[in-house]
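Below is the sequence, then the predicted model.
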Amino acid sequence: MPNLSNKHLDGPELHFIEGVAGLLLPWGVPPVAARLYGYLLLSDQPASLDEITAGLGVSKSTASVAARLLERYTLARRHRERGTKRALYAVADNYEAMIRQQNRLLDALADQMDAGFDVVGSNEAGVRLKQMAEFYRVMCSAMDDALSRWKQMKRPPNA
């Protein structure tokens, strides 16, 4: 992959970035943040805001907001360049963090559905809330199992 810095993107790189963005938009990720994530996925090195603005054709403030949002989503991480205050951004390599964050949300949703059941009892709405709580807990368990399998796959053969 060529170095993306200081290059306005077109062709296959842009197609990939727009494809990633198209997948993230339905999840509520804002368009520029979604495109920035695709950009960072293609970047060999952490990118500065100047490089990001040149590559994506967005303003520096827009790029900064998008980068901070990706940090909150645990999709990107910030680096500091020695001797400067300049921030550099790279795609996060801790894939587990986002899943663990989602699991905490699903667990909280399950607890909230249980609380709703306590409010309405075992009528039709209560049954729906109980089923939703069970579904969220099954999904948490499935993701925990998948994370365990992932860790086993990443482990060196003689570990």
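The structure has been received and is ready for your questions. Residues are numbered from 1 along each chain as shown.

how close does the closest residue to residue 113 other than its chain neighbours sit to residue 126?
Spatial nearest neighbour of residue 113, excluding adjacent residues (CB to CB, 6 or more residues apart in numbering): residue 133 at 3.8 Å. Bear in mind the C-beta positions are built from the backbone N, C-alpha and C, glycine included. With the distance defined as CB to CB, to the nearest Å, residue 133 ends up 11 Å from residue 126.

the more surrounded of those two?
Using other CB atoms under 10 Å as the criterion, residue 133 and residue 126 rank with residue 133 on top: 21 against 16.

Could you list the buried residues of the helix or strand that contains the more buried one?
Using DSSP states H and E, residue 133 sits in helix 124-154. Using 16 or more other CB atoms under 10 Å as the test for burial, helix 124-154 gives 126, 129, 132-133, 136-137, 139-140, 143.

rewinding a little: correct me if wrong: the residue nearest to residue 113 contacts residue 115.
No: using CB atoms under 8 Å as the test, residue 133 is too far from residue 115 to be in contact (9.3 Å).

residue at max distance from the center of this protein?
Of all residues in the chain, residue 123 has its C-alpha farthest from the mean position, at 37.4 Å, by CA atoms, centre = their mean.

Provide the backbone phi and psi angles at that one.
Dihedral angles of residue 123 (phi, psi; degrees, to the nearest 10) stand at phi -80, psi -170.

In this structure, which residue is most central in space?
residue 75 (4.0 Å).

Next up, the contacts around that residue.
Listed by CB atoms under 8 Å, 6 or more residues apart in numbering, the contact set of residue 75 reads 37, 91-92, 98.

residues in contact with the residue nearest to residue 113?
Counting by CB under 8 Å, 6+ apart, residue 133 has contacts 109-111, 113-114, 117.

for residue 93, same thing?
Listed by CB under 8 Å, 6+ apart, the contact set of residue 93 is empty.

Tell me the confidence at it?
Here the pLDDT value assigned to residue 93 is 87.

repeat for the one 4 residues further on
Reading off the per-residue confidence, residue 97 sits at a pLDDT of 83.

Show me what stretch 20-34 is in contact with.
35, 37-38, 41, 56, 58, 62-63, 65-67, 69-70, 73.

with the buried residues of helix 124-154 in mind, which one is nearest to residue 155?
residue 143 (18.9 Å; CB to CB).
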